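>>> Structure for this input, please:
(one chain, ligands or ions: 2)
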Amino acid sequence: MGSLQEGQAQIPVIDISAANKNAPAELLDAACRFGFVFVANNDAGISPDLISKVFDISKEFFALPNEAKQEVSIASNKAGKNHGWLSQGVEKLDPKVQKRPDVKEAFNMPLPSSDGTFEQPLPSPITNNLPTVTTFQSACSNLCNLILTHFATALSIAPDWFTRRHDTTRGPSGTIFRLLYYPQTSTKTSIDIRAGAHSDYGSITCLFQLPGQPGLEIKTPEGNWAPVPVDPLGQGGPLPILVNIGDLLEDWTGGLLKSTKHRVVFPKEDGGGDRYSIAYFCHPLDEALLEPVPSEVVEEFVRRNGGKERKVITAKDHLMERLAATYSVK
Ligand SMILES: O=C(O)CCC(=O)C(=O)O
Ligand SMILES: [Fe+2]
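Numbering: from 1, shown residues only. Ligands and ions are numbered 1, 2, ... in the order given. From the prediction side, this is the model:
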């Protein structure tokens, strides 16, 4: 397990490959304490070349004129308001606090339907590179399954307890692949933020960042904002992949795994340069019932921390409750 430099969020870097027999325990410990973990991008990870190709596709897409992006906007499809391009001004991740929307653009895509198609219009940088995008989605899905299997192992439940409930061959899910672009701007004011404080909604999120484009911060247990490094070990080479726990997995485990608040700020220097990031928000199947996880570790945690009785709802209802509070378009 690696460690980080002073001043930055103390997020461990964990080898989750088969070579590390302690991976399940180390992952669970990090998820319970920080809600964020870096996974070493080794054999268990995703090819750095594939990641870099997806960043190139992202840059090509966001460089299109707004009229072209408008053709694939979230208003342009039948698939639901969470798919497509979100122009600057649409999303406000911390609506109770933020006076102005996040200074960013995003493009959201679900996983392909069972026949390999998408229910939304796709922009040319994506249609021209569809195998790259779907290969990346599959690689993220495999990584999430490995992490969920490690959590199940550490919680002493059937290794496939979580993955069965995330198995997209069995039905639709709220999983979203998202390209993010935070433009450099000279017109920001002191109240502007790139992404307001929020926690993610799903099970786990994989986040990909680029060297030289910092800005992500997490709320520490002490209540301070701490910057998240892009290259935590400072070794260059394949960057570790940042993984965080979402609200759904926190609720599902009675609060044992932590869904930690985070935000994206403008770097201190003027304008701060562009920032591109890619997020893969892994969700359970829509119809998965968020019934208590049958683990003694979870039960013991809930007993000690006075967990409250909650209604068992589906993953889809859990997501709908959260999305309704976030978007300024209806
Ligand atoms: O761009 C980032 O680094 C974080 C994005 C994020 O937290 C989100 O979209 O939920
Ligand atoms: Fe987030």
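
>>> how far away is Arg263 from ligand 1?
Here the criterion is C-beta to the nearest ligand atom, to the nearest Å. By it, Arg263 lies 8 Å from ligand 1. Placement of C-beta: from N, CA and C, glycine included.

>>> Which neighbouring elements make contact with the helix or strand encompassing that residue?
Using DSSP states H and E, the element containing Arg263 is strand 262-264. On a contact count with 3 or more C-beta pairs under 8 Å, 6 or more residues apart in numbering; DSSP states H and E, strand 262-264 meets strand 195-198, strand 216-219.

>>> which element follows the last one toward the C-terminus?
Using DSSP H and E, the next helix or strand after strand 216-219 towards the C-terminus is strand 225-227.

>>> Could you pull up the contacting residues of the residue nearest to the spatial centre of the chain?
Among the residues of the chain, Thr205 comes closest to the average C-alpha position under C-alpha atoms, centre = their mean, at 2.8 Å. Contact partners of Thr205, counting by C-beta atoms under 8 Å, 6 or more residues apart in numbering, are 243-244, 246, 279-282.

>>> out of the helices and strands packed on strand 262-264, nearest to Leu27?
Of all these, strand 216-219 sits nearest to Leu27, with 17.1 Å by C-beta to C-beta.

>>> Would you agree Val264 is in contact with His198?
No: checked against C-beta atoms under 8 Å, the pair Val264 and His198 is beyond contact range at 10.0 Å.

>>> per-residue pLDDT, the residue in the chain positioned nearest to ligand 1?
With C-beta to the nearest ligand atom as the measure, Ser277 is the residue of the chain nearest to ligand 1, at 3.5 Å. Model confidence at Ser277, given as pLDDT, is 97.

>>> Next up, phi/psi of it, please.
Backbone torsions of Ser277, given as degrees, to the nearest 10, read phi -140, psi 160.

>>> What number of residues are in the vicinity of it?
If you count neighbours by other C-beta atoms under 10 Å, Ser277 ends up with 25.

>>> One more: Thr153?
17.

>>> That one should be in a helix, yeah?
Yes: Thr153: assigned to a helix according to DSSP: H, G, I helix; E, B strand; the rest coil.

>>> So it sits against Pro159, correct?
Yes: applying C-beta under 8 Å, one finds Thr153 in contact with Pro159, separated by 5.7 Å.

>>> Which residues of this protein lie near ligand 1?
180, 195, 200, 207, 216, 262, 264, 277, 279 (C-beta under 6 Å from any ligand atom).

>>> Could you tell me the end-to-end distance of stretch 110-124?
Start and end residues of stretch 110-124 are separated by 17 Å (C-alpha to C-alpha, to the nearest Å).

>>> Same question for that stretch: list its buried residues.
110-112, 118, 120-123 (16 or more other C-beta atoms under 10 Å).

>>> Could I get the full set of helices for the stretch 201-330 of the chain?
Under the criterion DSSP state H, counting those that start in this stretch, helices of the stretch 201-330 of the chain are mapped to 247-252, 296-305, 315-324.

>>> just the CA coordinates of the last one, formatted as PDB?
Below are the C-alpha coordinates for helix 315-324, written out as PDB (Å, rounded to 0.1, in the frame of the first residue of the first chain):
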ATOM      1  CA  ALA A 315     -31.900   0.900  -7.000                       C
ATOM      2  CA  LYS A 316     -33.900   2.800  -9.600                       C
ATOM      3  CA  ASP A 317     -36.100   4.600  -7.000                       C
ATOM      4  CA  HIS A 318     -33.000   5.400  -5.000                       C
ATOM      5  CA  LEU A 319     -31.400   7.100  -8.100                       C
ATOM      6  CA  MET A 320     -34.600   8.900  -9.100                       C
ATOM      7  CA  GLU A 321     -34.800  10.600  -5.700                       C
ATOM      8  CA  ARG A 322     -31.300  11.900  -6.100                       C
ATOM      9  CA  LEU A 323     -31.500  13.000  -9.800                       C
ATOM     10  CA  ALA A 324     -34.700  15.000  -9.100                       C
END
